[in-house]
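A.B. asks: below: sequence and its predicted model.
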Amino acid sequence: MTPTQDFTLLSNDDLYLFNEGSHYRLHDKLGAHPAEKDGRPGTYFAFWAPNARRVTVTGDFNGWNKTSHKLHHRGSSGIWEGFIPDVGKGALYKYHVVSHYGGYKADKADPFAFFNEVPPRNASVVWDLGYEWRDADWMRDRHHRNRLDAPISIYEVHLGSWRRVPEEGNRYLTYRELAPALAGHVQQMGFTHVEFLPVMEHPFYGSWGYQTTGYFAPTSRYGTPQDFMYLVDYLHQRGIGVILDWVPSHFPTDEHGIGFCDGTHLFEHEDSRKGLHPDWNSFIFNYSRNEVRSFLISSALFWLDKYHVDGLRVDAVASMLYLDYSRKEGEWVPNKYGGRENLEAIDFLRRFNEEVYKNHPDVQTIAEESTAWPMVSRPTYVGGLGFGLKWDMGWMHDTLEYMTKSPIHRRFHQNSLTFRMIYAFYENFILPLSHDEVVHGKGSLLGKMPGDDWQKFANLRLLFGYMFAQPAKKLLFMGAEIGQWSEWNHESSLEWHLLQYDRHRQIKKWVEDLNCLYRREPALYELDCDPAGFEWVDCNDSDSSVVSLIRKSRSANDIIMVVANFTPVSRLSYRVGVPRGGWWQELLNSDGKEYGGSGLGNTGGLMAAATPIHNRSHSLDVIVPPLATVFFKSTGR
């Protein structure tokens, strides 16, 4: 039976905007959509394949026949469409494409499918997105939660390995099982947001989702689209924002995917010097093609529209910006001006950010950009890329390199600890301690720390304390908060059993209290992206490996002073300059016995003396415990 051609979801305006590159709701038009024609239920199919000679729908409803259900070509748009009666929700299908070129034939999963078979099977599934959301309160007020002057502390999660069920073959938790367990943990820990490594469908589990084939489908490994909606909804109802990793930089070469989609390089650039990624052996999108821009921006808006997500973290931005990224001389093509900048990708990223913020001004876009490209998180109208935030990769690498050194050698590397403040306000930064730093032989964060077990835990508490003292938003990858010994393994659960031991419960308590302090004290978050919120007190005491700093809010009376000691030597009378007299309350001390420390501290606080030092009128005579961060607040008394 040939599908009928007198039914369509595509207007002439849709076709024009798609081919022009400015149709950003393609998910409402292309793909498979349950519908009715003349009172008879069925499914409308639409597939983009401008260089195909024939496109048919093959599926379980026709015994996977490759010839019986032919789609019709819609003018010069490149789109094939048709309505097939009696095909409904749950039907498996692919598009059988016969190209005009080279005798190419292939069965393709639907690029716009909302749902797919559980990998390694790869057929698409006819599905709908019906769901009754219950997060109206969150959606109405979330602009307060996602602002740059709000506390943002992100818990980065890989859904398949956060927690497993060992007694049932080590299986994953489903989206619905994850909802109460993950929400409860995040609430207890005090994080404001979760960030999921890509949930978009991906054939190879070991890619962690970064080799995406389903740009409009959450992976079926953990359940249906409605199950994923339930997870987002559940988190929202408990005051937790949801950020998704999104990968517009490259896609895998699997035959059922969008690569070589109609026998030509349709989504990817045809020149391998621009269209094939040397590091990942994956295709690179052709950002100069109008329809590809429509596809990608539609995908971005889809997750914001249909799944209520609160932000998109864009992966591998640097690989998009530079034509010579990971390429040797002669392996890349200069732009029209002779430079190494990918002008089409730059234009795409700017348009992506403009469309996201135009449609959803209450969300954030976040760039994982590892170079010094200027104005990544500045508006497009001043020449920026338009992102809301950027990962500070330099801080992550410099700080971890410093922390792995024996304390006896740290005095020679003070610059690694303090360098970020030279550029800290050039962008709106997130400080990440991410998944990339705890895999591929790098060890866990705890495992990186030097010294015996006591010193390892003290160093980890010190690292977290210093991170929360710095101006920027925060991100911590799962497992670090319980002091996991092993590096992350996507095939197994986090080491939750470690919480039977005091030191692991104590590091968890330290992260809880850091998040609580961060969320409670505006001086620690309100001016995260403004130089008015930060001052060094002393960053030059390399002989002692001690740094001291001040954080401020918009209120002139709201001041927090932080001292961090990066050696195991206690500083029993360490004088630190402060801008005012009165009582300075000790808010938090990572050497507290409740955190596994030695219990050395300042008995609740100190009275400032009128003894000037560090160009300040008053000072505190501080006890700085070994390998510890101490937070003080001026009470004005």
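C.D. replies: Great, that's in hand. Numbering: from 1, shown residues only.

A.B. asks: any idea which helix is longest in the protein?
C.D. replies: Longest helix of the chain, by residue count under DSSP state H: helix 502-520.

A.B. asks: that one - what's its average pLDDT?
C.D. replies: Averaged across helix 502-520, pLDDT comes to 98.

A.B. asks: what sits up against the next helix or strand after that helix?
C.D. replies: Scanning forward in sequence from helix 502-520 by DSSP states H and E, the next helix or strand is strand 534-541. Applying Cβ atoms under 8 Å, 6 or more residues apart in numbering, the contact partners of strand 534-541 are 414, 418, 421, 424, 471, 527, 546-552, 561, 576-578, 614, 616. Every residue, glycine included, has its C-beta placed from N, CA and C.

A.B. asks: of these, which belong to strands?
C.D. replies: With strands taken from DSSP state E, the overlap with the contacts of strand 534-541 comprises 546-552, 561, 576-578.

A.B. asks: most neighbours, which of those?
C.D. replies: For the ones in strands among the contacts of strand 534-541, the largest number of neighbours (other Cβ atoms under 10 Å) sits with residue 576, at 29 neighbours.

A.B. asks: can you give me the strands in the stretch 151-300 of the chain?
C.D. replies: Under the criterion DSSP state E, counting those that start in this stretch, the stretch 151-300 of the chain contains strands at 153-157, 164-165, 171-172, 193-196, 200-201, 214-218, 241-246, 276-277, 282-283.

A.B. asks: can you put the ones in strands among the contacts of strand 534-541 in TSV and add distance to residue 627?
C.D. replies: Formatted as TSV, these follow (distance: Cβ to Cβ, whole Å):
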residue	distance to residue 627
546	11
547	13
548	16
549	18
550	22
551	21
552	27
561	19
576	18
577	23
578	23
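
A.B. asks: before we move on, the earlier item: only C-alpha atoms, please: export the longest helix of the chain in CSV.
C.D. replies: Output of helix 502-520 as CSV, limited to C-alpha atoms (Å, rounded to 0.1, in the frame of the first residue of the first chain):
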residue,chain,number,x,y,z
ASP,A,502,33.5,7.4,58.9
ARG,A,503,35.9,9.2,56.5
HIS,A,504,33.5,8.9,53.6
ARG,A,505,30.5,10.0,55.5
GLN,A,506,32.6,12.9,56.8
ILE,A,507,33.6,14.1,53.3
LYS,A,508,30.0,13.8,52.3
LYS,A,509,29.0,16.0,55.3
TRP,A,510,31.7,18.5,54.3
VAL,A,511,30.2,18.9,50.8
GLU,A,512,26.7,19.1,52.2
ASP,A,513,27.8,22.0,54.5
LEU,A,514,29.7,23.7,51.8
ASN,A,515,26.6,23.7,49.6
CYS,A,516,24.5,24.9,52.5
LEU,A,517,26.9,27.8,53.2
TYR,A,518,27.2,28.7,49.5
ARG,A,519,23.4,28.9,49.2
ARG,A,520,22.9,30.8,52.4
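
A.B. asks: would you mind listing the outside residues contacting it?
C.D. replies: 151, 153, 188-192, 446, 453, 457, 460-461, 464-465, 468, 474, 476, 480-483, 498-499, 524-525, 587-588, 590, 594-596, 631.

A.B. asks: so how far is stretch 625-637 from its chain's centroid?
C.D. replies: The chain centre lies 32 Å from the centre of stretch 625-637; the measure is Cα atoms, centre = their mean, to the nearest Å.

A.B. asks: residues of that stretch that come out buried?
C.D. replies: 625-634 (16 or more other Cβ atoms under 10 Å).

A.B. asks: distance to residue 104, pLDDT and secondary structure added to these, as JSON lines?
C.D. replies: Below are the buried residues of stretch 625-637 laid out as JSON lines (distance: Cβ to Cβ, whole Å; pLDDT from 0 to 100; DSSP: H, G, I helix; E, B strand; the rest coil):
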{"residue": "625", "distance to residue 104": "68", "pLDDT": "98", "secondary structure": "coil"}
{"residue": "626", "distance to residue 104": "67", "pLDDT": "97", "secondary structure": "coil"}
{"residue": "627", "distance to residue 104": "62", "pLDDT": "98", "secondary structure": "coil"}
{"residue": "628", "distance to residue 104": "64", "pLDDT": "98", "secondary structure": "strand"}
{"residue": "629", "distance to residue 104": "61", "pLDDT": "98", "secondary structure": "strand"}
{"residue": "630", "distance to residue 104": "66", "pLDDT": "98", "secondary structure": "strand"}
{"residue": "631", "distance to residue 104": "64", "pLDDT": "98", "secondary structure": "strand"}
{"residue": "632", "distance to residue 104": "69", "pLDDT": "98", "secondary structure": "strand"}
{"residue": "633", "distance to residue 104": "68", "pLDDT": "98", "secondary structure": "strand"}
{"residue": "634", "distance to residue 104": "71", "pLDDT": "96", "secondary structure": "strand"}
